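K.L.:
Here is the input, now give the coordinates:
(2 chains)
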Amino acid sequence: MPLRGKVTTQDSAARKAADTFSKLDRDFGSLPSTTEVISFRVPKGETNRLKIHFARQGLTLAEGIKKAVYEAVKRQEGQDQGSG
Amino acid sequence: MKTIAFHLQKGGVGKTSLSGAVAYELSRKGRTILIDLDPQGNASSWLLTQTPVYELASVLYGRVGVTKAIVPTATPKLDILATFGLDGELKMFGENQLASEPFIFCDLIEELARAGYDYAIMDLSPGMGRLERCALIAADEAITPMTPEAFSLDGMDIFAAELAKTKKAMRRGPAHRRIIVNAFDGRIDQHKTIMSQAWELQGFEVFTVPVDPCFRKAQADRVAVQSLPKQKAAKPETLAELRRIGEAVCR
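P.N.:
Numbers count the residues shown, from 1 in each chain, chains lettered A, B, ... in the order given. Take a look at the predicted model:
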């Protein structure tokens, strides 16, 4: 709630964001507390192209890929729900 | 007809800018009406070049039929139910009359559907008073614009709690499944930190509109963001995301 979780550092910003977003709909529960790594291979030279592309949006390669993947999955999930 | 309310209690997150821009996107798909529910009347002063004869409050007070108060904008298939920022009566209606007619916006939406509109966009004012609650229960969906900073997260907390209370009290309320993170600046670490959490938000569709001066330029020129001339045009990412929001709302 406001007046709790005052944001002063990046860590507390992340905690505050996780706290707020997890409360939006209690059915969805809280965000996972552990993480895992996804990796995949791309043709030589592609990494640079992707890096430059995402850098234009102010994102690192990992941040950009994460954004793109989640957006694509959510779009697909939305379409599946719409057609169902 | 699909009715979408743009709301977050916090001011300055882009409710008016995004509701105007999304209304433009929806007007490509069907007849769209923008309902200016902010007593300050910013959406009206943005998209209209002349003060109309009637405003939304004239309809709510029953002085004029809804079709007489609707004003076309410069964008084809995009009309507006205006609110006068100066000498307007919407605030007074909300304070004096709305308690006895809490479902008046539901009636208004039904009339607009009968008038042949496909989409209605409600631009709400900051705050969460009776006016906002009564408007929200008339909407099918509430989209919350926020900026990636702490006060917006506070605003989201308040919105979620108030929406739950309103749904319980009024036995109805809009779906809340889409969030627009507005004015995202990838150079700011805190923005990226908050966005990183937002992208993982399960059950929600999160959109990211980059920080872009196109909104203030469009408002100063009184044109839609998408209609700005080339030298003032919005960033391609902004236009792409607005289009994506429009597509999502239509689904």
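
K.L.:
before we move on, what SS does B:Val71 have?
P.N.:
Secondary structure, DSSP: H, G, I helix; E, B strand; the rest coil: B:Val71 is strand.

K.L.:
Contacts only, for the residue in chain A that chain B sits nearest to.
P.N.:
Minimum separation of chain A from chain B (CB to the nearest CB) falls at A:Gly58, amounting to 1.7 Å. Bear in mind the C-beta positions are built from the backbone N, C-alpha and C, glycine included. Listed by CB atoms under 8 Å, 6 or more residues apart in numbering or on different chains, the contact set of A:Gly58 reads B:Asp185, B:Gly186, B:Arg187, B:Lys192.

K.L.:
can you narrow the residues you listed to ones near chain A?
P.N.:
The residues of these that also fall near chain A, by CB under 8 Å from any CB of the partner chain, are B:Asp185, B:Gly186, B:Arg187, B:Lys192.

K.L.:
what about the first one, how many neighbours?
P.N.:
B:Asp185 is surrounded by 14 other residues when neighbours are defined as other CB atoms under 10 Å in any protein chain shown.

K.L.:
how close does the residue nearest to it when sequence neighbours are not counted get to A:Ala13?
P.N.:
Excluding the flanking residues, the one nearest B:Asp185 by CB to CB, 6 or more residues apart in numbering or on different chains is B:Val211, at 4.6 Å. Distance, B:Val211 to A:Ala13, by CB to CB, to the nearest Å: 17 Å.

K.L.:
more neighbours, those two?
P.N.:
Between B:Val211 and A:Ala13, counting by other CB under 10 Å, A:Ala13 is the more crowded of the two (24 against 18).

K.L.:
Please, which helix or strand holds the residue of chain A closest to chain B?
P.N.:
Using DSSP states H and E, A:Gly58 sits within no helix or strand.

K.L.:
Flag every buried residue along the helix ranked longest in chain A.
P.N.:
If you go by DSSP state H, chain A has its longest helix at helix A:61-83. Residues A:Glu63, A:Gly64, A:Lys66, A:Lys67, A:Tyr70, A:Glu71, A:Lys74, A:Gly78 are the ones in helix A:61-83 that count as buried (16 or more other CB atoms under 10 Å in any protein chain shown).
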